[in-house]
Structure formats: C-alpha cells, structure tokens
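Student: Make a model of this:
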Amino acid sequence: MSSLKISSLLSNSLCSTSPSTVKSSLHLPKKLHIPLSDTPNLKPSRKLFQELNGFSHTIPVLQDNSGNNSTTTSTPSKATIVQLYAILEAVADRVQMHHNIGDQRDNWNTLLLNSVNMLTLSASAMVGLAASIGGGGAPLLALKLSSMLLFSASTGMLVVMNKIQPSQLAEEQRNATRLFKQLQSHIETTIAIGNPTEEDVKDAMERVLALDKAYPLPLLGAMLEKFPKKFEPAVWWPSAPKGMNSSKYQEEKQEGKNNNGWNKGLEMELRNVLEVVKEKDMKDYERLGNLVLKVNKSLAIAGPLLTGIAAVGSACVTEGSSWGAIVAVIGGALATTVNAFEHGGQVGMVSEMYRNCGGFFKQLENSIQDTMEEDEEQRENGELFEMKLALKLGRSLSQLRDLARKSAYSRVEGTTTDEFASKLF
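Tutor: Next comes the predicted model:
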C-alpha cells in the first residue's frame, strides 16, 4: 500500500513539472566518450564523478568538421615523445660511460705516478751503489746499465704521461658526467611538463653533440689540446645563429612596460650584473688559467729533462770518478719531486677546472645576451630568469640587485667593483 502511495506522488510531481523545466535542468551531451579501455587502472576524478552524479555542469565536447568528437587540449605527437625518450636513453648511457672512464683515468694518474717515481728512485739508488763500489768489472757495469734503463724508461713514461695529463682527463670526464646529468634532468622535465615539440628534440640533439665535441672520450685524434698557446674557456653548448633576433632587440619598448615579467629595470639589472661577470670573474679565471697552464708546461718539460740528464750521468759513472753519479742522483731526486708536484698535486686537473669555470661564465654571458636579444613575448619569464641567475651565482635576489646597483655606481664614478659576481667559484 505504501509503495502505491510513493508511486502516485512521483507521478503527480512529474506531471506537474513542465517538459521545458526538465529539459533545462538536465544538460546531457548526446554522446559521452570516456576511453576507459586505454586506462583500465585510472579512477574517475572528483569533478567527473560530480558531473555524472549531479548533472550540474555540462561536459564540453568539441566537434570538428568531420563530425568526430575531440578534446580541446592539444597533445604532443607520439613520435616526438619517442624521439625524446631515445635521446634520454643515449644521455643516460653517456653519463655511465663518462663516469667509468673518469674513474679509469684517475687510476691511471695514481698508478703511473707511483710507477715513474719508483723507477726514478730505484735508478738513483743503483747509481749511488755503483759509485760506492771500489772495484770495476761486471758489478759496476750491471748497475750502470740497470740505472740507465730505468732512467730511460721513466723518461719515456713521463713524456707520455705529461702529454695526456691523466689528472686533467679525469677532470674532463667528471665535468662531462655532471653536464650530461643536467641534460638528462632537462629532458625529463620537458617530458614531464608535457607538450614537447620538434624544437625540443632538435635542441636536445644539438646539446648532446656539443657535449660530445667538448669532452671527447677517445685519446688518439680527438683528445683536447693540453697545452694550448692561450687559455680558452670550455664550450659545451651549441652555438646559436648570429643576429637571429637582433632586429627585434632594436625595437623601442615603452617606459615601464611589463611584459612576461620583464621591464626596463630588470634589463638594466642584468646588464649591470653581466658587466661584473665580464670585468671581475672572467678576467680573474683567465689570469689564473694562464698561470696554471704555464706552470704545468714548465713541469711537464722539467720532469723528462731531469730524468734524461740522470740517465746520461749514470752512463758516465766510472771507477774513480763520482761526478756522473752525483749528477744522476741529484737529477733523479729532482725529477721525483717535480713529478710528485705535477701529477700528485694534479696540476692538470686544476687547469681543467679553471677552463671549465671560465666556460661556465662564458655560457652565463651568452645566456643573458641571447635572452636580451629575444622579443619580450618569446623570452623566458623575467622573474624566473632572474631567480635562476641568482641561484647560478650563489646569491639571493636582494644580493643580486645590490650587486647590480654597485656595478652601476662604479661605472658612473669610473671605478671597479670590489667583489666578484659569483659566490660559488
């Protein structure tokens, strides 16, 4: 009996409601397409649940000219994502390769240094023993020949070791590992944010090839020059076409205009910071790089030269004459000291470190200049770019702005800034 009453009440309420009222309260699309087959484990969102349960909102469906329904959001092509993942796999492989080869070349430096020093000290001890023998004959000849061979071997090994600079090679691989990891994180972020384009694929490829050229793996034919005529910063980024956006940069911009986080004040701040980077940081690292390069060259020449002199002195050891032994022993001792300072102190690694730091500031300069030459609407957001620059220099935003003001005042007064731009290096 109660069920009959409920049904009668429902029928009366429906009859009293006009069809137009029902039609206006229910907004259902003609066709609702939910691709549950593609994502079987994906739970419906809260918004979708509310829409299906309460019918309070319509689900927008965009119909194209062909009559098929499609969503309004654009999705990247599958080929682009596949290409980025392929580049990502190659970058991850290069990270491991450079890491392994860096460890190997670091071991080269330790083993070769210990071997050369042992050869040199053993030859010096043999020469001293030969000079202390009272009589001549076979013992004296054996010690002379042995010391000559050991000095000659250490000379040859030193020539090769000073040519390739194992400590510098190890530092190159460490820098390459770090930069490839940065590139790997950049590609992963591009994929995670979504909507990668063909330009992203091209940019990633160019960065990989530029890093391969800047930090080559093979020694023969592709090894970087260890003793260049002039100190040059490292370059591991692809070069942009010259004058690409120069015409856009020359356009006048309204005073106080704020477009994409950019304004006149921020542009002036970046120019002032760039002046400090060029006048203080880059010049200082160029000076230090040239100094270390000259020291490394001198030590690389002195080591084999001293062992060669010691070899000649050991050949001149005769019965009743001690000057040859004195020359050989002193030459061996000095050669061991020079080798320990050069390769034990890893002077080549220090030279590569300065070269890499100089490249960091050079890249920073190119990044600021390239960004300033772009149109404001195409630039990276100004506030984000300022924050990234401050982090690269190890400063807060307030410290970066104070540095820009000091640079502006120093130019007006005709003086130089008393601090460096970077607080990291």
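
Student: Next one: the most centrally placed residue in the chain from Trp237, what distance?
Tutor: Within the chain, one residue has its C-alpha closest to the average C-alpha position: by CA atoms, centre = their mean, that is Leu179, at 2.4 Å. Using CB to CB, to the nearest Å, Leu179 is found at 9 Å from Trp237. Placement of C-beta: from N, CA and C, glycine included.

Student: With Phe227 instead?
Tutor: 25 Å.

Student: next one: Leu400
Tutor: 22 Å.

Student: cool, and Trp323?
Tutor: Trp323 is 58 Å from Trp237, by CB to CB.

Student: Compare neighbour counts for these two and give me the winner.
Tutor: Taking other CB atoms under 10 Å, Trp323 and Trp237 do not tie; Trp237 has more neighbours (17 against 12).

Student: quick one: the more buried one from Ser367, how far?
Tutor: For Trp237 relative to Ser367 (CB to CB), the value is 9 Å.

Student: In contact with Thr371: list those residues for me.
Tutor: 270, 379-380, 385 (CB atoms under 8 Å, 6 or more residues apart in numbering).

Student: where in this protein is pLDDT low?
Tutor: Scanning the chain for pLDDT under 70 picks out 1-76, 134-136, 240-259, 320, 425.

Student: Strands along that one, start to end?
Tutor: Shown for the chain, the strands assigned by DSSP state E span residues 62-63, 69-70.

Student: Show me which helix runs longest in this structure.
Tutor: In terms of residue count, the longest helix belonging to the chain (DSSP state H) is helix 78-132.

Student: show me where the stretch 301-425 of the chain has helices.
Tutor: For the stretch 301-425 of the chain, the helices defined by DSSP state H, counting those that start in this stretch occupy 323-339, 347-373, 382-392, 397-413.

Student: Ok, which of the ones you listed comes nearest Gly137?
Tutor: Nearest to Gly137 among the helices of the stretch 301-425 of the chain is helix 323-339; the distance by CB to CB comes to 16.7 Å.

Student: what packs against the closest one?
Tutor: Applying 3 or more CB pairs under 8 Å, 6 or more residues apart in numbering; DSSP states H and E, we find helix 323-339 packed against helix 78-132, helix 138-164, helix 283-315.

Student: now it, how far from the chain's geometric center?
Tutor: Distance of helix 323-339 from its chain centroid, counting by CA atoms, centre = their mean, to the nearest Å, is 43 Å.

Student: Only C-alpha atoms, please: export it in PDB.
Tutor: What follows is helix 323-339, C-alpha atoms only, in PDB (Å, rounded to 0.1, in the frame of the first residue of the first chain):
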ATOM      1  CA  TRP A 323     130.700  13.300 -10.800                       C
ATOM      2  CA  GLY A 324     128.500  11.200 -13.100                       C
ATOM      3  CA  ALA A 325     126.900   9.500 -10.000                       C
ATOM      4  CA  ILE A 326     126.300  12.900  -8.400                       C
ATOM      5  CA  VAL A 327     124.500  14.200 -11.500                       C
ATOM      6  CA  ALA A 328     122.400  11.100 -11.800                       C
ATOM      7  CA  VAL A 329     121.400  11.000  -8.100                       C
ATOM      8  CA  ILE A 330     120.500  14.700  -8.000                       C
ATOM      9  CA  GLY A 331     118.700  14.500 -11.300                       C
ATOM     10  CA  GLY A 332     116.700  11.500 -10.100                       C
ATOM     11  CA  ALA A 333     115.800  13.200  -6.900                       C
ATOM     12  CA  LEU A 334     114.700  16.400  -8.600                       C
ATOM     13  CA  ALA A 335     112.700  14.500 -11.200                       C
ATOM     14  CA  THR A 336     110.800  12.600  -8.500                       C
ATOM     15  CA  THR A 337     110.000  15.900  -6.700                       C
ATOM     16  CA  VAL A 338     108.800  17.500  -9.900                       C
ATOM     17  CA  ASN A 339     106.600  14.500 -10.800                       C
END
